[in-house]
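In: model this:
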Amino acid sequence: MDSSYDSPETKPKEPEKKPCADCDLSDFDSVNCQVEGIAAEAEYMKKYQDDLKRRRTQFDALRTAYDAARQEVATDLAQITEQLRKLRDQLDCQLDEKKRTCLVDAWAEVAAQLDKCGGEQGCCVTEDQCKFEWQFVKKPTAPEVRALIEDFERRVTAAEKCFDDVLAKEPDDVKKRVADLKAFIEAIGATAADTKTIDYSRAYAELLWAEHRRKKIWLGFDNPNDFADCLCLALNCSLKGRRALAKLNGILKTLDCEDKGNEDRCAWLKAHVVDEILAACRRICPPEKEEDGVQTSS
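Out: Numbers count the residues shown, from 1 in each chain. Alright, predicted model coming up:
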C-alpha cells in the first residue's frame with residue numbers, strides 16, 4: 001500500500017509496481033487528491049499554531065513561577081507542620097483509644113472515596129496517553145481514519161487541558177492551598193482552646209483531614225523537577241498529537257477526494273455505458289490495417 005497512509009514513525013514500504021494501462025488517468029486523479037491532502041494537513045497545523053507557540057512560551061515562565069511559589073510557602077508550611085504536631089498531642093489526650101480508632105477507620109473509608117475523585121496524585125498526563133502512532137496493513141478507509149482521529153483528538157485534548165487548566169494554574173494554586181490550610185488549622189486551634197464547648201470528635205476528624213491536606217499539598221510533585229517533567233510531557237504531547245492529527249486529516253482529505261472521484265466516475269460511466277462499450281470494443285478489437293485503400297474490420 002501507499003506508505004503515505006502510515007504514521008510518520010513507520011518505515012515506508014516499497015511501492016507496488018502496477019502494469020501500464022491504456023490512458024489510465026488514476027495517477028493523475030490521485031495526485032490531485034494528494035495535493036488536497038497536503039493542503040489540509042498544513043491548514044490543520046496553522047489552526048493550532050498560535051496555541052502551540054503560547055504553550056511553549058508559557059513553559060519557561062511556569063517553571064520559574066512554580067519554583068518561586070514553593071519557596072514562598074516554605075515558611076508557612078513549616079509553621080503548619082508544627083501546629084499540626086501540637087494539635088495532635090492535644091487531641092490525642094482528650095479521646096480514648098476506642099474513639100480514636102473509630103475515627104481513623106472512618107477517615108480511611110472517606111479517604112478511599114477521595115482517591116477515586118482524583119486530582120491529588122502527580123502528573124495529569126501519561127506517556128501512554130501520548131503515543132500517536134499507527135500503521136495500516138492495507139489502504140485505510142475513511143471511517144477507519146476518522147475513528148483514529150477521534151481517539152487521538154480525545155487524548156491530545158486531555159493533555160492540553162492538563163497543561164492549560166491544571167499545570168498553568170499550579171503556581172498560584174499551591175499558594176492558595178497553603179493559605180487555606182493555614183486558616184483551617186488556625187480555626188481548629190481556636191476551637192480546641194475553648195474546652196467548654198469543643199466537640200473533640202469533630203476536632204479530631206478535622207485534624208485528620210488537615211494532616212491529609214498537608215501531606216498532599218504538592219499534589220504528587222515531590223520536587224520542582226517533577227512538575228517541570230509533567231509540564232514538558234504535556235507540552236510535547238500537544239505537539240506530537242497535533243502533528244499526528246494533521247497527518248491524519250491530510251490522509252482523510254485524500255481519501256474523501258478519492259471516494260468523491262470514484263463516485264463521479266461511476267456516475268459518468270452509468271450515463272455513458274453505450275459509448276464506453278464501443279470505445280472498449282475499438283480498443284480490444286482495433287480496425288485492421290488498410291489494404292488497397294480499403295479499411296476492414298474483424
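In: quick one: mean pLDDT for stretch 114-134?
Out: Averaged across stretch 114-134, pLDDT comes to 88.
In: quick one: end-to-end distance for that stretch.
Out: Start and end residues of stretch 114-134 are separated by 37 Å (Cα to Cα, to the nearest Å).
In: what's in contact with that stretch?
Out: Identification of contacts with stretch 114-134 by Cβ atoms under 8 Å, 6 or more residues apart in numbering yields 6-7, 9-10, 148, 152, 155-156, 158-159, 162-163, 166-167, 216, 219-221, 226, 229-230, 233-234, 236-237, 240-241, 243-245, 248. (C-beta placed from N, C-alpha, C; glycine too.)
In: cool, and stretch 187-194?
Out: 83, 86-87, 90-91, 198, 203, 206-207, 210.
In: please redo it, this time with the cut-off set to 7 Å
Out: For stretch 187-194, the external contacting residues (Cβ atoms under 7 Å, 6 or more residues apart in numbering) are 83, 87, 90-91, 198, 203, 206-207, 210.
In: one more: stretch 172-179?
Out: 69-70, 72-73, 76-77, 217.
In: again, only this time at 6 Å
Out: 69, 73, 76, 217 (Cβ atoms under 6 Å, 6 or more residues apart in numbering).
In: and of those residues, the nearest to Ile284?
Out: Ala69 (80.3 Å; Cβ to Cβ).
In: is it true that that closest one touches Pro171?
Out: Yes: Ala69 lies in contact with Pro171 (Cβ atoms under 6 Å); the separation is 4.3 Å.
In: low-confidence regions, the stretch 1-150 of the chain specifically.
Out: 1-5, 8-29, 119-120 (pLDDT under 70).
In: where along it do the helices fall?
Out: Counting by DSSP state H, counting those that start in this stretch, the stretch 1-150 of the chain has helices at residues 26-92, 97-117, 142-161.
In: what of the stretch 151-298 of the chain?
Out: Assigned by DSSP H, counting those that start in this stretch, the helices in the stretch 151-298 of the chain fall at 170-193, 200-215, 224-271, 273-284.
In: need the ones you listed in JSON lines with mean pLDDT, distance to Thr64 and mean neighbour count, can you?
Out: Output for the helices of the stretch 151-298 of the chain, formatted as JSON lines (pLDDT from 0 to 100; distance: least, Cβ to Cβ, whole Å; neighbours: other Cβ atoms under 10 Å):
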{"stretch": "helix 170-193", "mean pLDDT": "94", "distance to Thr64": "9", "mean neighbour count": "16"}
{"stretch": "helix 200-215", "mean pLDDT": "95", "distance to Thr64": "25", "mean neighbour count": "17"}
{"stretch": "helix 224-271", "mean pLDDT": "91", "distance to Thr64": "10", "mean neighbour count": "18"}
{"stretch": "helix 273-284", "mean pLDDT": "85", "distance to Thr64": "71", "mean neighbour count": "10"}
